[in-house]
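> Compute the structure for the input listed below.
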Amino acid sequence: MNGSISFVLGAGFSAPFNIPTMRPFLTSFRKFADRKYPSLHDTLENHIQKLTDESDIEGLLSSLSKAEALSSAMPSLDHMNAELDCWASESRSIKAYLVSYIIEKCEQFDREKAEDDIAPFLKRLASSNKLSEVYFFTTNYDRILEYVSEYADIPLDDGFERSETELVAPWTGDFSGKMRLYKLHGSVTYYGDRQHAPARKFFRLDRGYPLPDPDFRLSRQGRELEPLMVLPTLEKEAMEDPYGNLMHVFTETLSRGGLVIAMGTSLRDTHLVSAMNYSSEKIVALVIDNEPESAIKQIPRVKSVPLKADMSECLKTLSLPLVELAERCGEISCTKKIFEEVNRFATEQAERLRGWDGISEEQKEQIRILRNGDNEINRIEAISRLQGLSHPEIVDAVSLCLAQEQSPAVRKAAAGSLGLGKSAKAVGVLAHIAAYDNSPDVRLESYLALCEIGGNEARKALEVAEGNWPEDPFFWEEKKS
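Sure, this is the predicted structure:
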């Protein structure tokens, strides 16, 4: 009952925003490298052919990192021949080109779509009074979350010094705010100061800067910086800051138990899987992905619930229900009860996602405007576009506006729309508004909507409304007309 929620985000979370997932990333780089660096073809293929089950971009980074480590050890190995020296040197070059390629691709994300899809989700999490801490653990290199949080004016602690003016922020390891981001594999914005090795300092820049060659360094404020977003493939690297610090927080957070929501991740990273399996008796995992069962196989000891969903649709449709689930589970201390709650949620939301069948993309967009709390004019326009439609999802969205909206104009429009749709599902909310709403205009519109819908339940609701009608001659005259 700690009022916190943990998210584990993988490549699938960023895929809707024009960033390739791990395997497509490798295919894309392979084609790029063959065109741009044909002389490195044989060495690159040599690495790729050895990847077997890890044939993705991080598997290649791992292989290249090991080759780079071998290269640094060469001075102490007198028997090294020229051929091996060439292979290690070319591996170092490929790794540098790959890092630059990743940075460039990650900086090309769809900003407008990210704003539309993710900002409402972050706002709901940040404004929740029931959640005291929100943890985002991600293996992604991109800075989509950082960008959207800045766009939405939501403070997001990432372990670096906060500054509104400085473009170079030093690492502090401090995560004290409500919204916290832990980039377990580094980031396109993470750079190390190689001039202070081995006591190297780390910095976050305002964006990722691809470098054209292995020997190039980024000079900022008198520092010679190099990218630090590479997966810690070697045990020595995994234990050093910032990786060791971030991984420690992940393990410690899981040890406190509760709900973990995994979104768009294959859970193939050994460090993540080990930490989750270690705390398997304390956590419940909701795994949201196009193929959630594959990820669940990686954490067999964890109580896991799959929810098959397209990530873009999930962010647009399930953001509010996910926050509500997190709030409910944050108040439960029993793992078994959390598991039951998550199971119910997954069943309901799977049905709900299927329920989107029969709704056009344009209608879906109007529903999202209503659910995401857009401005009054846009909400009234959205209701107008959905007027008279009786699909359950449309009725639910318009009914929510009628029940919770502060603006009388929006509530009145919602009541009128429900009346034209003539859906019996709307009788309950219309009955309450017709009898008790503090706006006479909204009450009248709800009364007329019940008249339009008809049926026994609507007639009973009309009787209750009339019994609570204001003693106002003008109002009665309006009703009769």
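
> contacts and neighbour counts: CA atoms only from here.
Will do.

> Domain parsing of this structure, as residue ranges.
Listed by automatic domain parsing, the domain ranges of the chain are 1-17+108-354, 20-106, 362-480.

> export those domains to CSV and tack on mean pLDDT and mean neighbour count?
Below are those laid out as CSV (pLDDT from 0 to 100; neighbours: other C-alpha atoms under 10 Å):
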stretch, mean pLDDT, mean neighbour count
domain 1-17+108-354, 88, 18
domain 20-106, 83, 16
domain 362-480, 84, 19
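
> Give me the contacts around the lengthiest helix in the chain.
As assigned by DSSP state H, the longest helix anywhere in the chain is helix 82-106. For helix 82-106, contacts defined as C-alpha atoms under 8 Å, 6 or more residues apart in numbering pick out 19, 29, 40, 43-44, 61, 64-65, 67-68, 70-71, 74, 141-143, 188, 208-214, 227, 229-230.

> and those, which of them are in helices?
29, 43-44, 61, 64-65, 67-68, 70-71.

> and of these, the nearest to I383?
F29 (45.8 Å; C-alpha to C-alpha).

> Give me the distance between the closest one and M311.
24 Å (C-alpha to C-alpha, to the nearest Å).

> now N245
From N245 to M311 the distance is 29 Å (C-alpha to C-alpha).

> go on, E362?
19 Å.

> One more: H248?
Taking C-alpha to C-alpha, one finds H248 at 28 Å from M311.

> Also K364?
15 Å.

> And T43, by the same measure?
With C-alpha to C-alpha as the criterion, T43 and M311 are 36 Å apart.

> who's in contact with the nearest residue to V464 once chain neighbours are set aside?
Excluding the flanking residues, the one nearest V464 by C-alpha to C-alpha, 6 or more residues apart in numbering is A435, at 6.5 Å. Residues near A435 by C-alpha under 8 Å, 6+ apart: 443, 464-469.

> Remind me which helix or strand A435 belongs to.
helix 427-436 (DSSP states H and E).

> pull the CA atoms of that helix into PDB?
Output in PDB follows, covering the C-alpha atoms of helix 427-436 (Å, rounded to 0.1, in the frame of the first residue of the first chain):
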ATOM      1  CA  VAL A 427     -31.000   6.200 -19.200                       C
ATOM      2  CA  GLY A 428     -29.200   5.900 -15.800                       C
ATOM      3  CA  VAL A 429     -27.000   9.000 -16.200                       C
ATOM      4  CA  LEU A 430     -29.800  11.000 -17.800                       C
ATOM      5  CA  ALA A 431     -32.200  10.100 -15.000                       C
ATOM      6  CA  HIS A 432     -29.700  11.400 -12.400                       C
ATOM      7  CA  ILE A 433     -29.000  14.600 -14.300                       C
ATOM      8  CA  ALA A 434     -32.700  15.300 -15.100                       C
ATOM      9  CA  ALA A 435     -33.500  15.100 -11.400                       C
ATOM     10  CA  TYR A 436     -30.600  16.700  -9.600                       C
END
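
> quick one: it to chain centroid distance?
Relative to its parent chain, helix 427-436 has a centroid offset of 36 Å by C-alpha atoms, centre = their mean, to the nearest Å.

> if we can go back for a sec, which one of the ones in helices among the contacts of helix 82-106 is nearest E351?
Of all the ones in helices among the contacts of helix 82-106, the one with the least separation from E351 (C-alpha to C-alpha) is F29, at 38.6 Å.

> so who does the closest one touch?
Per C-alpha under 8 Å, 6+ apart, neighbours of F29: 98, 101.

> which element follows the helix holding A435 toward the C-terminus?
Counting by DSSP H and E, what follows helix 427-436 is helix 440-453.

> That following helix: what's the following helix or strand?
Taking DSSP H and E, what comes next after helix 440-453 is helix 456-467.

> If you count contacts, what does that following helix end up packed against?
The contact analysis (3 or more C-alpha pairs under 8 Å, 6 or more residues apart in numbering; DSSP states H and E) places helix 456-467 against helix 427-436, helix 440-453.

> where do the strands sit along the chain?
4-9, 133-138, 168-170, 179-183, 190-193, 201-205, 218-220, 223-227, 258-263, 283-289, 303-308 (DSSP state E).

> Can you say which of these is nearest to A275?
A275 lies closest, by C-alpha to C-alpha, to one member of these: strand 283-289, at 10.8 Å.

> so the closest one versus strand 303-308, what angle?
Here strand 283-289 runs at an angle of 20 degrees relative to strand 303-308 (axes from the mean of the first three to the mean of the last three C-alpha atoms, to 10 degrees).

> Distance from the chain centre to strand 283-289, please.
On C-alpha atoms, centre = their mean, the centre of strand 283-289 falls 13 Å from the chain's centre.

> can you check stretch 212-224 too?
Computed by C-alpha atoms, centre = their mean, the chain-centroid distance of stretch 212-224 equals 32 Å.

> Return the set of residues that bridge with the nearest residue to F339 once chain neighbours are set aside.
Spatially, and ignoring its direct neighbours in sequence, F339 is nearest to V284 (6.0 Å; C-alpha to C-alpha, 6+ apart). V284 forms beta bridges with L259, K303, as assigned by DSSP bridges.
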